[in-house]
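**Student:** Have a look; sequence and predicted model below, questions after that.
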Amino acid sequence: MLSIFLNKIFSLNFANLLNAIGLDFEILSSYTFIVVCLGTMILATVAGMVGTITVLKGQSLIGDAIGHSSYPGIILAFMISMSLDSVSLMIGAIISGTLAFIIIQFIDKNSKLNLDAILATILSAFFGLGMVLKSFIQGHPVYGKVPQGGLSNYIFGQAAFIRTIDVHLILIVAIPSLLILFLFYKEFKIFVFDEVYAQSIGLNSTLMYVLLVLITMSVIATGLKLVGAILISSFLIVPGITALQWSNRFSYVLIIAAIVGSFSAFVGTYISSVYAGMSTGPCIIVVMSGLAFISMFISPKGLLANWLRRRKYLNDLSKSLID
Amino acid sequence: MKVLLNKDEKALRVKEGNMSENIIVKVEDLTMAYHDKPVLWDNDVSIIANSRTAIIGPNGAGKSTLLKGILGLQKTLSGTVEIMGKSVKQIYKKIAYIPQSNSVNWDFPTTALDVVLMGRYVHLGWIKRPRKKDIEIAKNALHKMGMQDYAKRQISQLSGGQKQRVFIARAIAQNAEIYFMDEPLAGVDKNTEKVIIDFLKDSQKQGKTSIVIHHDLNTLADYFDHLVILNKRIIAQGKMSETLTQANLDAADMGGGFKINA
Amino acid sequence: MIYQNLLLTKMLDFLNYNQQMLLTLIVTGIACSLLGCFLVLNKLSMLTDALSHSILLGIVLAYFVTKNLNSPFLLIGASVFGVFTVYAIGLLSKTRLVKNDDAVGIIFPLFFSLAVILISTFARNVHLDTDIVLMGQVIMIPLNTMTVFGVELPKALFYMLIILLINLIFVVVFIKELKISSFDPEFATLAGFSSGLLFYGLMTLTSFTAVAAFDAVGAILVIALFVGPAASAYMLTKSLKKMLLVSIIFSILNSISGFYLAIAFNVSISGMIAVTTGFTTFMTVLLNRQGIITAIYLRHKNRKEFRLDLLIMHLGNHEDQEDAEFELGFATIKDHLYWDQETTERRLNRLIDQGFVHRNHERKIYCLTEKGRLRYDMIKVDYGV
């Protein structure tokens, strides 16, 4: 009796507190919100940390190309499994994303084309294939009978359609990914900083690449349903870019990226839950990018600090030249 | 106060030099920075007209930066540059710059003759097309560099030395008065090296001036008649015989392992 | 539904419709690949990705101002916004806080997200169909017509023809300047050609082309049309003019094959053209002069030639020496080369056919002919022995 009473008081106060700072307790405590929010936050945390490595390696646009390229895999998986089962669609996305990655690497090694031209061509060809397959099944006598309304959500993402099983999937991908990142922290650090040196001390850089691609690919594949094929790359690179404005230490950068990712995910999901009709993915990305721009302006390495430093430097210089 | 006095002395010396020889490139108080780190500090450089001037200095001394600063390709923090008494923007047609060969896109779909023809663009200006006469000039320039057989080759199919010759042919086609070259002899074969040096000596006879970043102290005195020694600041400059001394090289941290043969 | 009815009522003209669509696609493709060549050469390919996504925000913003989806100001507004995107990316990477790739990767998802949010909250009456944004509505091209000089032709075709004309004039007039500034920007600056001016000229036209093409073929095919044919031509040609020409040929082939494949399988036309574009580019990677398959073939051929050279070297080295009878004897030569009888004879016969080697029946050994001697000397020079 007492405990229920206490609980009520506590929850009331808590609700009041939240309402006072402008948050809607009703939404925050709803089951759907909690499921969606958990999903996006965990995803953004892992994506931010893994993506930081991609950013540091100077390959931020590869994520964009792979994101687009995973789409035909979703449709193919649907055609084979004849269902919208999250797991099989995810496996399809991983396979087609990996295939795109391998082709990109192959062309990069065997032609004089620049990486950006390769990425643009592969991205459009794979996504085009996805659209071809999608239009193929739309009017098809066999596939047409299976409900396929969810397939469009994989382009822009629709976090509102997240089920508990999707959160489980995210967890299944997130925990091993973080574990790998944690266990191989030292190796990843050397690999990012100086690949040649890493090789010279006996670190297998091919293995590191495979690990990195594997993690990135699974994060992209689980993220598609939430954020969509077009925008998933932001989840990977924007938190990393933001974190790099604040610190030069690899460990700090990873932690900051994780915080930026999960915070943006929370705020973005909340906004999209309050205002009906707003897609969750785009909301999160706007918050994320906002944080990135603010960081670029006010961080110790940012524009403001740079401007002040430059002014001081020029002053000192002119002084020393006059003396 | 002390520094000021030194500056006056320097100015005085430049003036004295001015009386006997004609200064074609005059740099005063040039300071340049890269990412807010100073690369060149308050430098005065005078290049004598019709000279073959070498610029030497240790790695990171700012040799390339100096050339780019003179040519207005990189921002300067302070200082003035005058070429033939005018600014670079006014006199650009008379200047030919031969960059380090790794700064262009070698996979670009263009032939050797095409690259040389680009030298004529300077005189054509916007929109106007190269005429027969320009193509003749470009062909002659290629011929002078012994590259006439490679005119139709795609540039990626040329060797390092051949690429360098094509770029010099471009400068010839431009018919400039002053050549700025950034390590033209780095990584080229002996034959090309001879062709380039012959070209420098030949253009001197035609009244032209060349300013060349050089890295080989052994050939320095044979190839050039004037010298600028640079290590963020100008260590010494002037006639080769007077400037290439052990003391100057030591002052520029270049003395180690190299001894001047008296 | 309305569209389908329209299609049905005009079914008699179906062939004509096909031709109109294909013609529009070809014109769009040529307009794109003319500029695409310079984008590929300047390593700006991914900017087309950024452009094609972020002009959606431009269209939405322009729509808020004009309140009319058919206004020509929509086109202009969206194009100006495209140029602004490029400018913003340039500005961001100039701060040196982020690399250029990162700047591209952060700007366009942001703009695209903003567009999606704006549409879903403030312009819900404007139906946003994801398929239309990404894949355009090629099928609609012949239905949206206008009359120009008494001729009725699809609107998209008319717009793209104008854009093609502008792009063509730009490339023809400024080919010299475009060439020099993408080959050697420093030299271009010294020679009095402002690379910045050319860059923004190129980007403005790219943006206009992308916006005009966006409506008909969608965001994804625009990227393929800009980059794919130019990338293929880049691998095949050694002069800029040829590159432009070859890219146009590729573009036409991709459009035609993609279009008819899509019709045959009744699938998305622009999706299929993106696929054929990717396919031809990949085939060019494999089959061009420096391509992987060519390389394997050449390696095989070289190895063959190397073996023959080796044989000539062996003959040349031992001919005048005392051990010639053993080293070069009819029956014993194979033991010294460690080749089996059959291979040795096959290779020797080939050299005899080519006139490099003859059988010396007196000494019972193989000998070099006059021609073979010359070849021997050349090999020594070639391999530096």
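**Tutor:** Yep, that arrived.

**Student:** Could you use CA atoms for every contact and neighbour count after this?
**Tutor:** OK.

**Student:** Roughly how far does C:Val227 sit from C:Ser207?
**Tutor:** The spacing between C:Val227 and C:Ser207, counted by C-alpha to C-alpha, to the nearest Å, is 14 Å.

**Student:** Which one's more surrounded, those two?
**Tutor:** Neighbours per residue, other C-alpha atoms under 10 Å in any protein chain shown: of C:Val227 and C:Ser207, the larger number sits with C:Val227, 35 against 27.

**Student:** Next up, the contacts around the more buried one.
**Tutor:** By C-alpha atoms under 8 Å, 6 or more residues apart in numbering or on different chains, the residues touching C:Val227 are A:Ala117, A:Ala120, A:Thr121, C:Ser33, C:Gly36, C:Cys37, C:Leu39, C:Val40, C:Ser45.

**Student:** Among those residues, which lie within helices?
**Tutor:** Restricting these to those inside helices, with DSSP state H as the criterion, leaves A:Ala117, A:Ala120, A:Thr121, C:Ser33, C:Gly36, C:Cys37, C:Leu39, C:Val40, C:Ser45.

**Student:** Show me what from the stretch 1-150 of chain B comes close to chain C.
**Tutor:** Taking C-alpha under 8 Å from any C-alpha of the partner chain as the contact definition, the stretch 1-150 of chain B meets chain C at B:71, B:73, B:89, B:92-93, B:97, B:103-105, B:108-111, B:118, B:121-122, B:125-127, B:129.

**Student:** ok, and which of the residues you listed reach chain A?
**Tutor:** If you filter the residues of the stretch 1-150 of chain B next to chain C for contact with chain A, counting by C-alpha under 8 Å from any C-alpha, you are left with nothing.

**Student:** Now render the ones in helices among the contacts of C:Val227 as TSV, adding neighbour count, distance to A:Tyr209 and pLDDT.
**Tutor:** Putting the ones in helices among the contacts of C:Val227 into TSV (neighbours: other C-alpha atoms under 10 Å in any protein chain shown; distance: C-alpha to C-alpha, whole Å; pLDDT from 0 to 100) gives the following:
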residue	neighbour count	distance to A:Tyr209	pLDDT
A:Ala117	27	22	94
A:Ala120	27	22	94
A:Thr121	33	23	95
C:Ser33	30	34	95
C:Gly36	29	32	95
C:Cys37	27	32	95
C:Leu39	25	30	94
C:Val40	25	27	94
C:Ser45	29	25	91
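
**Student:** residue ranges with poor pLDDT in the stretch 51-200 of chain A?
**Tutor:** For the stretch 51-200 of chain A, residues meeting the criterion pLDDT under 70 lie at A:148-149, A:160.

**Student:** just the buried members of the residues of the stretch 1-150 of chain B next to chain C?
**Tutor:** Restricting those to buried positions leaves B:Leu71, B:Tyr92, B:Lys93, B:Tyr97, B:Asn105, B:Phe108, B:Pro109, B:Thr110, B:Thr111, B:Met118, B:Tyr121, B:Val122, with burial counted as 16 or more other C-alpha atoms under 10 Å in any protein chain shown.

**Student:** What is the nearest of those residues to A:Ser295?
**Tutor:** Closest approach between those and A:Ser295, by C-alpha to C-alpha: B:Asn105, at 35.2 Å.

**Student:** How about residue 118, nearest residue that isn't a chain neighbour?
**Tutor:** No chain was given, so I picked chain A. Leaving aside its chain neighbours, A:Ile118 sits nearest to A:Ile104 (6.4 Å; criterion: C-alpha to C-alpha, 6 or more residues apart in numbering or on different chains).

**Student:** Chain C was what I was after
**Tutor:** Nearest-residue entry for C:Leu118: C:Val60, 7.5 Å, with adjacent residues in sequence omitted and distances by C-alpha to C-alpha, 6+ apart.

**Student:** which secondary structure elements does the helix or strand the one you found falls within contact?
**Tutor:** Here C:Val60 sits within helix C:45-66, counting by DSSP states H and E. Identification of packing neighbours for helix C:45-66 by 3 or more C-alpha pairs under 8 Å, 6 or more residues apart in numbering or on different chains; DSSP states H and E yields helix A:115-138, helix C:72-94, helix C:100-122, helix C:195-236.

**Student:** any idea how far the residue nearest to A:Ile118 lies from A:Val219?
**Tutor:** A:Ile104 sits 19 Å away from A:Val219, taking C-alpha to C-alpha as the criterion.

**Student:** So which of these two has more stuff around it?
**Tutor:** Looking at A:Ile104 and A:Val219 with other C-alpha under 10 Å, you find the greater number of neighbours at A:Val219, namely 26 against 20.

**Student:** Outside of the helix or strand encompassing the more buried one itself, which residues are in contact with it?
**Tutor:** The secondary structure element spanning A:Val219 is helix A:205-227 (assigned by DSSP H and E). When contacts are defined by C-alpha under 8 Å, 6+ apart, helix A:205-227 is touched by residues A:40, A:43, A:46-47, A:50-51, A:66-67, A:70, A:90-91, A:93-94, A:97-98, A:153-159, A:162, A:166, A:169-170, A:173-174, A:177, A:188, A:191, A:195, A:198-199, A:232-233, A:280-282.

**Student:** Could you list which of the buried ones among the residues of the stretch 1-150 of chain B next to chain C belong to helices?
**Tutor:** Restricting these to those inside helices, with DSSP H as the criterion, leaves B:Leu71, B:Met118, B:Tyr121, B:Val122.

**Student:** give the contact list for the third one.
**Tutor:** Which is B:Tyr121. Applying C-alpha under 8 Å, 6+ apart, the residues near B:Tyr121 are B:Pro130, C:Lys176, C:Ala191.

**Student:** again, only this time at 10 Å
**Tutor:** Contacts for B:Tyr121 were tallied using C-alpha atoms under 10 Å, 6 or more residues apart in numbering or on different chains; they are B:93, B:127-130, B:134, B:173-174, C:176-177, C:180, C:188, C:191-193.

**Student:** do the same with the last one
**Tutor:** The neighbours of B:Val122, taking C-alpha under 10 Å, 6+ apart as the test, are B:92-96, B:173-176, C:187-188, C:190-193.

**Student:** what's the distance between C:Asn266 and chain B?
**Tutor:** C:Asn266 sits at a distance of 39 Å from chain B (criterion: C-alpha to the nearest C-alpha, to the nearest Å).

**Student:** Quick one: neighbours of the residue nearest to that residue when sequence neighbours are not counted, just the number.
**Tutor:** Counting by C-alpha to C-alpha, 6+ apart, C:Asn266 lies nearest to A:Phe136, which is 6.9 Å off, once chain neighbours are set aside. Here the neighbour count serves as a burial measure; for A:Phe136 (other C-alpha under 10 Å) it reads 17.

**Student:** does A:Phe136 really touch C:Val267, like I thought?
**Tutor:** Yes - A:Phe136 is in contact with C:Val267 according to C-alpha atoms under 10 Å; the separation is 5.2 Å.

**Student:** Thanks a lot, see you next time.
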